[in-house]
Structure formats: C-alpha cells, structure tokens
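Engineer: My questions concern the predicted model and sequence given below.
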Amino acid sequence: MFRQIIVILGSAAGLLAQLLRPLRRPRLLRSLMLALGLGALLAGAAPLFAQDTLAGASLQPSAAMRQGGAMFQIQRDGHSAYVFGTIHVGKADFYPLDAKVLQALQQSCCLALEIDPGNTQAMIPLMKKYGFYLDGKPHQKDLPPKLQKQLAALLAKYNMAPEQVASLKPWLIATMLGISEYASQGYLSQYGVDSTLASLAKSSNKRLVELETAEAQLGLLGNLSPAEQVQFLQDSVDEIQDPGKAQRSLDLVNLWRNGDIDGLAAMLAEMNAEDSFASKFMQRALLDGRNPGLADGIAKLTSSAAEPFVAIGMLHLVGPNSVLAILQQRGYTVKRLY
C-alpha cells in the first residue's frame, strides 16, 4: 500500500526520495539540503526534446515498449487543456515519452504540476517542520517492540543504520522504506515523469504552474497523530514484507506503462476495500481529499490560459471520484488522446 501512496503523493515524494543517499552520511539535515539543491539543478538541466540524456534517461525513440501514461483533452466553452497521468518514480527506458505527449507539451502555453519539483528552498523548512524530531532524542525506542525489530531488519536490508533515521518521524521513515524498496527494484525518483516534464518545460522557458503546495502535501502526513503515524509505519512495513502486496506495487507501474486505466481503477478499488489505516488514508486524504482542489486548479487554469498541459499522478485520473469525473460533472468533455 505505501508504495502506491508514494506514487500518488507526487513531486513531494520525489523530492523526499533524494534523502536516500545523504542518509548514509552523518549530518542529515545538511546533506538533505544539498540533495534538494541537486534536485533544483536537475530541474533546469535539459533542452526541450534535445537528442541527449535527461537524468540518465535516453531521449532517443524506443520501439520496444509503449512509453507509458495516458493523456486526455478536456474542453468547455471554447477552452481546452491536455491532462497527462504521471508516475513519480521510473526507469531510464521510460524515455522518451510518446511523441503525442511531447508534441502536446511543446504546443501548450504552460505546464501545470501538483508542485514544482525544483522548488527545493520551500521544502527544506517544511521537512524540518513536518518530518523531523527537533529535540535531538531518538524516538524509535517508543515504537512497539515488534515494529522496532521489523524496522531494524529493513534498515539493514537497505544499508541504513538506526541512528541515521533516529530524528525522523514515523511517516517519514515509512516514506524512506517505500522509496528504498522501489529503488531496490530499479525504480528511481530521478526518472520520475513530473521532474522530467518540469525540466523539459523550464528549459524551453514555459511557465510552470503549481496546482498545490509542498506544505499541503507534506502536511497530509506530517499532521497525522503520533498513533496514526505509528500505524502508518506498521502498515508500510507489513506491505514490504508481504510478497503479494509487494508485487501489486510493481503491477501498478506496469499498468502505468500500458496506460491501462481500467486496470488501475480495478486496483484502486481493491486497495480501497482493504481494512487498513494506510489504505483508508490513501483513498480519503490523498485521493478523494485532493481531487476536488486539483480539479478546481485545472478548471481555473484552463479558463485563463491557452491550452495548458497538466500533469498529475495517474491515480488521480481513475475511479468514480477522479479529477476527470469531477470535471465531467462540471460540464467538461473528456477525450482520450493517448
């Protein structure tokens, strides 16, 4: 479940993923600031549609595999926008994106994302506010003994020492574990589609619009009660250690690669039927709670800008309460282009 949440949460999760390497160094916050700064450098790295590399990903066409995602056009009252479903981790062979997607981005007036993945200066104080214990005390000893043992085993698996995460709150430890498990399967934040699109847009001087804020995204997890955070961490650990659920997380990536909207909707319904805190929180807060605001932002942008390109997490685009369903209820026509 928690790796699905990483896929849903968006660019904030992608920026959090950059914690992985600096966690192996002694000065965590200083290293975090450096890692987030490198994210900002990456965001302006590549020229639009250049035949080069972007975050290590080849931009040469690939005939071997569909290049992932699904793209729609929404229209109302003579205004239209492209809406593309993204994923926030990836592999080098995700690129280049399909020619239809790149062409739509090229002819759009601007790019709208959940948040700007290059806005790292805003992330640093928010990480301190929502993700760290600032009293200097190790709080993992407050976890239930069984969870302490499970956590120690996973930290060893990912080559992290307990003292290196001692200042992290449970929700952030859960994030780190989920990102580490994705990375162990070869799916890395540096290949996240949102970051790649932001790089392409910024290098061509396209305006970048944020539909949410980093504080809103981090606050969803950081404002959980201490007991909820512990349960969140427990659910995350249980998922990683359950082979069936771990495989489902990888299946989600494959469904994105295939642009399988029906398959994603079915998986979302299956996850929502689970009786766990993480699954209920995912549907209630990370999807149903955010989709109306995302739809509001898209509608406002579409009415004031000439054919913007909107890119948000793919799971926001499936299910009865999706962003696309909300826009249809408001009178927009929705047509799938890719």
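Structural biologist: Here it is on my side, so go on. Just so it is clear, the model here is predicted, and its values are computed rather than measured.

Engineer: separation between Leu102 and Gln328?
Structural biologist: Counting by Cβ to Cβ, to the nearest Å, the separation of Leu102 from Gln328 is 26 Å. Every C-beta, even on glycine, is put in place using the N, C-alpha and C of the backbone.

Engineer: now do Met271
Structural biologist: Met271 sits 23 Å away from Gln328 when distances are taken as Cβ to Cβ.

Engineer: do the same with His79
Structural biologist: As for His79, its distance to Gln328 is 15 Å (criterion: Cβ to Cβ).

Engineer: same thing with Asn321?
Structural biologist: 12 Å.

Engineer: Kindly report the same for Ser184.
Structural biologist: In this view, Ser184 and Gln328 are 39 Å apart by Cβ to Cβ.

Engineer: For the two, indicate the residue with more neighbours.
Structural biologist: Taking other Cβ atoms under 10 Å, Ser184 and Gln328 do not tie; Gln328 has more neighbours (15 against 11).

Engineer: got a list of what Cys110 touches?
Structural biologist: Under the criterion of Cβ atoms under 8 Å, 6 or more residues apart in numbering, the contact partners of Cys110 comprise 201, 206-209, 301, 305, 308-309.

Engineer: Looking at those, which is nearest Met267?
Structural biologist: Phe309 (26.0 Å; Cβ to Cβ).

Engineer: Was I right to think the closest one contacts Phe84?
Structural biologist: Yes: under the criterion of Cβ atoms under 8 Å, Phe309 makes contact with Phe84 at 6.9 Å.

Engineer: Are there residues contacting both of the two? Which ones?
Structural biologist: Between them, Phe309 and Phe84 share the neighbouring residues 104, 197, with contact defined by Cβ under 8 Å, 6+ apart.

Engineer: that older thread, among the contacts of Cys110, which ones are in strands?
Structural biologist: Taking DSSP state E as the definition of strands, the contacts of Cys110 contribute 207-209, 309.

Engineer: which stretches of the stretch 101-250 of the chain form strands?
Structural biologist: The residue ranges that make up the strands of the stretch 101-250 of the chain, judged by DSSP state E, counting those that start in this stretch, are 110-113, 207-210.

Engineer: Out of these, which gets nearest to Gly313?
Structural biologist: Among these, the nearest to Gly313 by Cβ to Cβ is strand 110-113 (9.9 Å).

Engineer: in its sheet, what does that closest one sit against?
Structural biologist: According to DSSP bridges, strand 110-113 forms sheet pairs with strand 207-210 (parallel), strand 309-313 (parallel).

Engineer: Dump those into JSON lines; add mean neighbour count, mean pLDDT and distance to Met123 as well.
Structural biologist: Formatted as JSON lines, the entries for the strands paired with strand 110-113 read as follows, by neighbours: other Cβ atoms under 10 Å; pLDDT from 0 to 100; distance: least, Cβ to Cβ, whole Å:
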{"stretch": "strand 207-210", "mean neighbour count": "17", "mean pLDDT": "96", "distance to Met123": "13"}
{"stretch": "strand 309-313", "mean neighbour count": "26", "mean pLDDT": "96", "distance to Met123": "18"}
